[in-house]
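[1] Based on what follows, work out the 3D shape:
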Amino acid sequence: MRGVASTWARYVRLLRFDGNPLRRRSDRVEALVLWGVLALLVTGVAAAAVLGVNTYRDGVAAERSGRWVTVTLLADAPEMTWTSPGGRAAVVRVRVRWTDERGATVTALAPVLQGSRTGGTARVWLDPSGRPVLGPPARLDTVAKAILAAVGLTAVAAGTGGLLYSLARARLDRRRYARWERAWLAADQRWRRPKEA
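    All right, here's what the predicted structure looks like:
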């Protein structure tokens, strides 16, 4: 735990602009980069929250925008011997007919349960454009998509910030080490004793 605390303390010290004369130019540049990464992360989290809320709002609107209709089957739905991954009866698409809200007869392929017979009825969900689909989006799917969108954008922002900071730090460290090496070479030249003859 002490290592984690000292790491965080180092970052807090690094972020301060205190006018310390021992602080190198590269330390100030690293502090600016870290401030930029923090700004990117805060912006990313805010954008992720907005994206999550909008994704959820769109999902709820999609849940409420369609409608159920009762359709008449124009063909037999084939008998299948398999079930869906969720264990429910398999859904197949057959030609059906229904009357829309204007009184017009509509014919289309729609998902119905396997084994349904010609002339039978079934309930089908129409999306906002009037196309037959399996059903309204489940609330759990809406919530999962919103969370995934928000967490995904946050992860992208954090990953991008971490990558930028790592690249900047690696470049600054190379310069620091080169400067350190030059300083030691200069010190070595000054500290060397002249050879006695």
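
[2] use CA for all of it now, contacts and neighbours both
    OK.

[3] for stretch 56-73, how far is the first residue from the last?
    35 Å (CA to CA, to the nearest Å).

[4] Just checking the distance from it to the centre of its chain.
    Put simply, stretch 56-73 sits 26 Å off its chain's centre (CA atoms, centre = their mean, to the nearest Å).

[5] now what about that stretch, what contacts it?
    Under the contact criterion CA atoms under 8 Å, 6 or more residues apart in numbering, stretch 56-73 has outside partners 94-98, 116-128, 130, 136-139, 142-143, 145-146.

[6] Dead centre of the chain: give me the residue that sits there.
    Centroid-nearest residue in the chain, with CA atoms, centre = their mean: G152, separated by 1.7 Å.

[7] Buried residues in the worst-scoring helix or strand of the chain on mean pLDDT, which are they?
    Least confident helix or strand of the chain, by mean pLDDT, DSSP states H and E, is helix 2-15 with a mean of 74. Burial within helix 2-15, assessed by neighbour count using 16 or more other CA atoms under 10 Å, is assigned to L14, L15.

[8] Quick one: name whatever helix or strand follows that helix.
    Proceeding C-terminally, helix 2-15 gives way to helix 25-65 as the next helix or strand, assigned by DSSP states H and E.

[9] That following helix to helix 2-15, inter-axis angle?
    Calculated by axes from the mean of the first three to the mean of the last three CA atoms, to 10 degrees, helix 25-65 forms an angle of 100 degrees with helix 2-15.

[10] Quick one: mean pLDDT for helix 25-65?
    Helix 25-65 carries an average pLDDT of 92.
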